[in-house]
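S.K.: 3D, please:
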Amino acid sequence: MRRGIQILSLIFFLAGIGNLNAQFGAQCDPETGRNPITGEYCLNSISTAVPFLRIVPDARSGALGDAGIAISADANAMHFNPSKLVFAEKDLGLSITYTPWLRALGLTDVYMAYLTGYKKLDEFQTVGAGLRYFSLGSIQFTDNDGNLLQQGRPYEFEFALAYARKLSDNFSASITGKFIFSDLASGQQVPGSTGETIEAGKAGAADIGLTYQSPISMGETKTYLRTGLAITNIGSKITYTNSTERDFLPGNLGLGAAWDFELDNYNTLTLIADFNKLLAPTPDSSGDYRTKSVIGGVLGSFSDAPFGASEEFREIMYSFGIEYWYDKQFAVRAGYFNEHASKGNRKYLTLGIGLKYNIFGLNLSYLVPTTNQQNPLDNTLRFTLLFDFGVFGADE
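M.R.: Got it, this is the predicted structure:
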């Protein structure tokens, strides 16, 4: 049973965490996009390959409702918006995150690990690198008759390199190159095929990030506003067979803002908001959306929803968070993530704490679902270790 659950998990990932309801099925009015019995919008979520690229990898943002595009820079900016790295307080940083996956189902060998770091070259330039590894555990493969084949250990990884540069005192930009590798069932036969073999999927992608930050006068209270824009995972389509039909990467457009309030010398409060939209085609009744080119899919993602602008707005995901620091050593965080019911229905509260001492930092986060839909991070504590080696330079 345990391995059966893992196989189901693998199927969902192969399908890009696709729709669990039939697209435009018998219970969906093709004129309104609603269920004629309940009046609710029918499920029509966007499906992509390698969705592990969109899993928030660090515990700090995991406690802020998955918001992180414009929060203060640390090594995990590599996932959200590397252009922030030129504004980091220290010259060198490293982060290590471990995220258990499907732990509520009793699985112990499904997880994501994330290692990332950055180095300032000078006042204006910073480079960063990141390695994301997703393990789906051990799976026993069988043939169509149920006969046991060899065991497999499906996994995926992403390696990223980023360059960020200040364009002015308050404005910066970054570009990131990525290599993506997804080995879910290589060497196995495609079910129902005449000997077609599943292969590992490979793809390349790029990110672009922008950050603007500026102080804002509010009487005696010092405040600082950061805004960010990130276009991520724009790259080649991917396939696991010799088929000419390939799947889109989870391209994404993100906008974020973070407003810091220095209440006094010891207390700091930050209000945070992120808005994200996938840059991939919305499924339609024709099924032709998968044949679009990469550019056509990205540009068309703003106007291809079958039910017009109202459905396009339903594809926007919202993240809100609040972070409190005492003496820049102890942090308390909370957040909320919302996705429309017709686009996946992920809704959850997040909580977390952070500690910082000398070169060492520790962040913890916990997710609390607010719907009946299960989340892979239900009842899971994830943690991030940070190392700020720039402190040594401050002591010299």
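S.K.: Tell me who's in contact with the most centrally placed residue in the chain.
M.R.: By C-alpha atoms, centre = their mean, the chain has its centre lying nearest to Arg54, at 2.5 Å. By C-beta atoms under 8 Å, 6 or more residues apart in numbering, Arg54 lies in contact with Asn233, Pro250, Asn252. Every C-beta, even on glycine, is put in place using the N, C-alpha and C of the backbone.
S.K.: Next, give phi and psi for it.
M.R.: Taking degrees, to the nearest 10, you get phi -100, psi 0 for the backbone angles of Arg54.
S.K.: Equivalent analysis for the one 5 residues further on, please.
M.R.: Backbone dihedrals for Ala59, given as degrees, to the nearest 10, come out at phi -70, psi -30.
S.K.: before we move on, what about Val86?
M.R.: phi -70, psi -20.
S.K.: That one and Ile272, how far apart?
M.R.: Distance of Val86 to Ile272, given as C-beta to C-beta, to the nearest Å: 20 Å.
S.K.: what does Leu362 give?
M.R.: In terms of C-beta to C-beta, Leu362 sits 20 Å off from Ile272.
S.K.: Who has more neighbours out of these two?
M.R.: Neighbour count, other C-beta atoms under 10 Å: between Leu362 and Ile272, Ile272 has more, with 25 against 14.
S.K.: list the contacts for the more buried one?
M.R.: Going by C-beta under 8 Å, 6+ apart, Ile272 touches 64-65, 67, 70-71, 256-259, 319-323, 335.
S.K.: go with 6 Å
M.R.: Ile272 sits next to Leu64, Ala67, Ile71, Ala258, Gly321 when contact means C-beta atoms under 6 Å, 6 or more residues apart in numbering.
S.K.: I figured Arg103 hits Leu381, correct?
M.R.: No - using C-beta atoms under 6 Å, Arg103 is not in contact with Leu381, being 8.8 Å away.
S.K.: These two - which one has more neighbours?
M.R.: Arg103 (18 against 14).
S.K.: Apart from its neighbours in sequence, what residue is nearest the more buried one?
M.R.: Nearest-residue entry for Arg103: Thr380, 4.7 Å, with adjacent residues in sequence omitted and distances by C-beta to C-beta, 6 or more residues apart in numbering.
S.K.: How many residues are close by that neighbour?
M.R.: Thr380 has 18 neighbours, counted by other C-beta under 10 Å.
S.K.: Show the pLDDT at it.
M.R.: Note on Thr380: pLDDT of 82.
S.K.: again, but for Gly106
M.R.: pLDDT, Gly106: 75.
S.K.: in stretch 265-283, what counts as buried?
M.R.: 268, 270, 272-283 (16 or more other C-beta atoms under 10 Å).
S.K.: just to revisit the earlier point, what is the nearest of the contacts of Arg54 to Tyr224?
M.R.: Lowest distance from Tyr224 to those (C-beta to C-beta) belongs to Asn252, with 25.8 Å.
S.K.: What strand or helix carries the closest residue to that closest one other than its chain neighbours?
M.R.: Leaving aside its chain neighbours, Asn252 sits nearest to Thr232 (4.9 Å; criterion: C-beta to C-beta, 6+ apart). In the assignment (DSSP states H and E), Thr232 maps to strand 221-235.
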